[in-house]
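S.K.: have a look at this fold, sequence not included:
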């Protein structure tokens, strides 16, 4: 039985612990997923002088991109429920010289923001990992002014994302994590376009427009791929790190065997990835 409070507690601890890893891999991630930020920024279409909210901002780059467009007369609220992630975003903002960004610890399911207080919102790979995405979307609708845009991105199904599906499947097969619960949070929890439609419209937003966004992840070698899992992959990393060293070695070898089809002659790996870009108002 899914325990949302236990999940929230575990998730917060996991992302706090991984925040500095995301900071360390920030440029690597931007090199492959920066165009997703471009999609969200272009579809949300922020205007000079507006106030925008970045939900589950992580390292903060998307909100910082938007801050450049709203200008000195505008403002961006860069938020995450992880205090450590907020500090990473704050450091990123300082490095980019941002002066119109407010960095805040906010729980997306119950944000400490006034009704109708922002002109628009963005969220990059956040809603599918939340204990109650329906409530998070409702609270987003509460704080976004009527007609304001919400542009968000979620991962599509495991069949299109072997980079996360293969290590997850390996852990399930070894009975180290349970299979994903239908309707529960997880990296592919919002892969179904009908569920996206249902959640978005039930929250009070308009009919969503979905764009398919496909790209590739590139890894220098097997150790780089394994390192990306341990450093960035939240619950998967936690499950692996909790095992004894000999079991971790077995898991690593099994994952390497299962991703062998993506290995190139030079020892590098290229894996397909796919997400939904969702725009609603």
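M.R.: Okay, I see it. None of these values were measured; they are calculated from a predicted model.
S.K.: please report how far residue 185 lies from residue 220.
M.R.: Per C-beta to C-beta, to the nearest Å, residue 185 is found 31 Å from residue 220. Where you see a C-beta, it was placed from the backbone N, CA and C, and this is true even at glycine.
S.K.: who's more crowded, those two?
M.R.: Between residue 185 and residue 220, counting by other C-beta atoms under 10 Å, residue 185 is the more crowded of the two (21 against 13).
S.K.: the more buried one reaches residue 8, doesn't it?
M.R.: No. Here residue 185 lies out of contact with residue 8, judged by C-beta atoms under 8 Å, at a distance of 9.5 Å.
S.K.: now do the shared contacts for those two.
M.R.: Common neighbours of residue 185 and residue 8, using C-beta atoms under 8 Å, 6 or more residues apart in numbering, are residue 131.
S.K.: and the strands in the stretch 51-200 of the chain?
M.R.: Listed in chain order, the strands of the stretch 51-200 of the chain (DSSP state E, counting those that start in this stretch) span 51-55, 75-80, 101-105, 120-124, 150-155.
S.K.: ok, the first one: who's next to it in the sheet?
M.R.: Pointing back at strand 51-55 there. In the sheet, strand 51-55 lines up against strand 75-80 (parallel), strand 120-124 (parallel) (DSSP bridges).
S.K.: possible to save the ones you listed as CSV with mean neighbour count, distance to residue 202 and mean pLDDT?
M.R.: As requested, the strands paired with strand 51-55 are arranged in CSV below (neighbours: other C-beta atoms under 10 Å; distance: least, C-beta to C-beta, whole Å; pLDDT from 0 to 100):
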stretch, mean neighbour count, distance to residue 202, mean pLDDT
strand 75-80, 26, 23, 98
strand 120-124, 25, 17, 98
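S.K.: between the ones you listed, which one is closest to residue 55.
M.R.: Evaluated over the strands paired with strand 51-55, closeness to residue 55 peaks at strand 120-124, with 4.1 Å, by C-beta to C-beta.
S.K.: next, the angle strand 150-155 makes with the closest one.
M.R.: 10 degrees (axes from the mean of the first three to the mean of the last three C-alpha atoms, to 10 degrees).
S.K.: what sits up against strand 120-124?
M.R.: Strand 120-124 is contacted from outside by 36-37, 40-41, 44-46, 50, 52-58, 62-63, 66, 108, 140, 143-144, 148-153, using C-beta under 8 Å, 6+ apart.
S.K.: try 6 Å this time
M.R.: Contacts of strand 120-124 with the rest of the structure, by C-beta atoms under 6 Å, 6 or more residues apart in numbering, involve 40, 44, 52-56, 62, 140, 144, 148-153.
S.K.: which of those residues sits closest to residue 166?
M.R.: Residue 166 lies nearest to residue 153 out of these, by C-beta to C-beta, at 21.6 Å.
S.K.: gap between that closest one and residue 173?
M.R.: Distance, residue 153 to residue 173, by C-beta to C-beta: 29 Å.
S.K.: for the stretch 51-200 of the chain, what spans make up the helices?
M.R.: Secondary structure of the stretch 51-200 of the chain, counting by DSSP state H, counting those that start in this stretch: helices at 61-70, 83-95, 133-143, 162-173, 193-202.
S.K.: pick out the shakiest of those, pLDDT-wise.
M.R.: Looking at those, the lowest mean pLDDT belongs to helix 162-173 (a mean of 94).
S.K.: return the list of helices and strands in contact with that helix.
M.R.: Applying 3 or more C-beta pairs under 6 Å, 6 or more residues apart in numbering; DSSP states H and E, we find helix 162-173 packed against helix 245-258.
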